[in-house]
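# Below are the sequence and a predicted model; questions follow.
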Amino acid sequence: MHEYLMESLVKERFERIREFAARQALLRSLKPVRQPWRVTLGIALIRAGRWCLRGMARAVEPRRAA
């Protein structure tokens, strides 16, 4: 093979690889970042605790000193 032909084939291959990498980077950037399950569970427990306390705050009224 001629040196020029080999060089042009390599350039074309690198161009395809760069296009593929750019496409993959774009797809990765469009995906929403998922939180770990422990974070989701922790947030759910905090919300449940607040919900329970909100109900208790209505049931128990603070006593005032006379």
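Received it, and whenever you're ready, just let me know what you need.
# quick one, helices of this structure?
Counting by DSSP state H, the chain has helices at residues 3-30, 37-59.
# In CSV: those, plus mean neighbour count and mean pLDDT.
No exception for glycine: its C-beta is placed from N, CA and C like everyone else's. Output for those, formatted as CSV (neighbours: other C-beta atoms under 10 Å; pLDDT from 0 to 100):
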stretch, mean neighbour count, mean pLDDT
helix 3-30, 10, 94
helix 37-59, 9, 86
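# Ramachandran coordinates for the residue nearest the centre of the chain?
Centroid-nearest residue in the chain, with C-alpha atoms, centre = their mean: Val33, separated by 1.0 Å. Backbone torsions for Val33, taken as degrees, to the nearest 10, come to phi -80, psi 120.
# For it, give me the pLDDT.
Per-residue confidence at Val33 stands at 78 (pLDDT).
# now it: how far from Thr40?
Distance from Val33 to Thr40, counting by C-beta to C-beta, to the nearest Å: 13 Å.
# for His2, same thing?
Per C-beta to C-beta, His2 is found 60 Å from Thr40.
# for Arg47, same thing?
Arg47 is 11 Å from Thr40, by C-beta to C-beta.
# Ok, Ala25 next?
The span separating Ala25 from Thr40 equals 27 Å under the rule C-beta to C-beta.
# what do you get for Arg54?
Distance from Arg54 to Thr40, by C-beta to C-beta: 21 Å.
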